[in-house]
Each structure stands twice: as C-alpha cells, then as structure tokens.
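Visitor: With the input below, show me the fold.
(2 chains)
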Amino acid sequence: QKEVEQDPGPLSVPEGAIVSLNCTYSNSAFQYFMWYRQYSRKGPELLMYTYSSGNKEDGRFTAQVDKSSKYISLFIRDSQPSDSATYLCAMSGGGSNYKLTFGKGTLLTVNP
Amino acid sequence: DVKVTQSSRYLVKRTGEKVFLECVQDMDHENMFWYRQDPGLGLRLIYFSYDVKMKEKGDIPEGYSVSREKKERFSLILESASTNQTSMYLCASRSGGVYNEQFFGPGTRLTVL
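Guide: Residues are numbered from 1 along each chain as shown, chains lettered A, B, ... in the order given. Next up is the predicted model:
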C-alpha cells in the first residue's frame, strides 16, 4: 500500500461548481497536512497548511483533515477557470522529520 | 514573501556533460531540498540539506550530488548527465523548527540529449 494515495483525475467541472479533492494515507504518524497548487510548467505553491484533525478555511478554500479515517480533503467553492491546475496533497510527521510525502496530484480543469 | 529562485527555467545538455543546477532562497531558511518531478511518478526527493555543509540522501540520490556552502544556496550536480535524468527539477526550502511547509522555486526543465 502506498503511503499517500491521490486520484490523478483528470477532473473537469463547470465554473461555479464546488470541487472536492481528496487524499488517503496509511502512516498514522503524519500530523502536518498541506495542499499545493501547481500550474502547468511552474513550481508548486503552498495553498493550505493544517495541523492534526479539523477544518481550516481561507477564502474559497477549505482544508479538512480526518485523522481517524486517514483522509484529507480540499474543497473549492465557486470554482473559477483560474483554479485550473494540478493539486498536490503533502504530509509529514513533524519534529525532526523534515521530509514531506506527496500525493501524485489531481489535474483539475474549470470550464468557463 | 518567501522567494526561491532557480538558475535556469529550461536547460538542454548532452549525455556525459556535468550539469549544475543552482537554487537560492532569501528567507534565511535552515533546510533546502531538491526534487525531480516526472509524469505518473510525482515528486521524488533527491537530496536535502538541513544546514550549511550538511546533506542527506533522499529517495533517489543515484547519479546526483549536492553542495551547500552558504545557507541561502543549494546546488544539485549531475556528474555525468544521462537521458534518464531528463526531468523537471524543483528546489524547495523550509524554515525549520515546528514549521513543516516547504516553499518551492519555479523549477528547471532539464533535457538531456
């Protein structure tokens, strides 16, 4: 079983739709969870950062972590064509463990 | 804002050449990382450095070496480039301590002919 599983998509939605992106993981030591957005031919940019379980909201974006189910989600409300990108989940155990474990990314297209 | 810059956006080299990829961050971050990103394989860690002159192998270090002589600069070296090293190379930095998020540069698309 891979440490982090992420559906690669592609996911295509109409403008204004609510988008749900998800990752599952197997390592119960993971405590820090991140979502990155990567536009074509660019480096990933940090979108959301959460610690442990719960929700975090930032504008149209909500990150959700359920440690009991080992499941994290990113919701995008009122999606825009500019949200079209690849979304990567990432997680780490924290402390002296510097390494991030990434999902392979989900390609999202928001159609005008 | 954190700024991570990479020396080239696109690079074309020939098999057997020695290749240097440079990364600079301007936020006094302790830790720096080199990844490669390939379709279907995602991001894979090549090397990381947790302090000046300190380095540790990542998941795929074979064929690569690194250098960190100054805190702000982390170099990736391909001693003898091969075609299977054609990839997108991404540098990242992290502040250290309790903060785990990494900040990425724009990437270098390397093609080895």
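
Visitor: Now B:Glu56. Nearest residue, chain neighbours left out?
Guide: In this structure, B:Glu56 finds its nearest non-sequential neighbour in B:Phe48, 5.7 Å apart by C-beta to C-beta, 6 or more residues apart in numbering or on different chains. Where you see a C-beta, it was placed from the backbone N, CA and C, and this is true even at glycine.

Visitor: err, B:Gln25, not the other one
Guide: Computed as C-beta to C-beta, 6+ apart, the closest residue to B:Gln25 that is not its neighbour in sequence is B:Ser93, at 4.1 Å.

Visitor: As a check, name the ranges of all strands in chain B.
Guide: Counting by DSSP state E, residue ranges of the strands within chain B are B:4-6, B:10-13, B:19-25, B:31-38, B:42-51, B:54-57, B:64-70, B:73-78, B:87-94, B:103-104, B:108-112.

Visitor: Export the ones you listed as TSV, with columns for mean pLDDT and mean neighbour count.
Guide: Output for the strands of chain B, formatted as TSV (pLDDT from 0 to 100; neighbours: other C-beta atoms under 10 Å in any protein chain shown):
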stretch	mean pLDDT	mean neighbour count
strand B:4-6	95	18
strand B:10-13	96	14
strand B:19-25	97	20
strand B:31-38	95	23
strand B:42-51	93	20
strand B:54-57	93	14
strand B:64-70	96	16
strand B:73-78	97	20
strand B:87-94	95	24
strand B:103-104	94	22
strand B:108-112	97	18
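
Visitor: tell me, what residue is most central in chain B?
Guide: The residue lying closest to the centre of chain B (C-alpha atoms, centre = their mean) is B:Trp34, at 2.8 Å.

Visitor: need the residues of chain B near chain A, please.
Guide: Residues of chain B found near chain A (C-beta under 8 Å from any C-beta of the partner chain) are B:4, B:31, B:33, B:40-43, B:45, B:48, B:50, B:58, B:90, B:94, B:98, B:100-107, B:109.

Visitor: can you do 7 Å?
Guide: B:31, B:42-43, B:45, B:48, B:50, B:90, B:94, B:100-107 (C-beta under 7 Å from any C-beta of the partner chain).

Visitor: Adding distance to A:Glu57, write the strands of chain B out as TSV.
Guide: What follows is the strands of chain B, written out as TSV (distance: least, C-beta to C-beta, whole Å):
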stretch	distance to A:Glu57
strand B:4-6	27
strand B:10-13	38
strand B:19-25	29
strand B:31-38	28
strand B:42-51	26
strand B:54-57	36
strand B:64-70	37
strand B:73-78	34
strand B:87-94	24
strand B:103-104	22
strand B:108-112	35
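
Visitor: Sketch out the low-pLDDT regions of chain A for me.
Guide: In the predicted model, chain A carries pLDDT under 70 at residues A:1, A:94-97.

Visitor: A:Gly9 is nearest to which of the strands of chain B?
Guide: Taking C-beta to C-beta, strand B:42-51 is the member of the strands of chain B nearest to A:Gly9, at 13.5 Å.

Visitor: The closest one: partners in the sheet, and parallel or antiparallel?
Guide: Next to strand B:42-51 in the sheet, as set by DSSP bridges, lie strand B:31-38 (antiparallel), strand B:54-57 (antiparallel).

Visitor: How far off centre is it?
Guide: Remark: strand B:42-51 is offset 7 Å from the chain centroid, using C-alpha atoms, centre = their mean, to the nearest Å.
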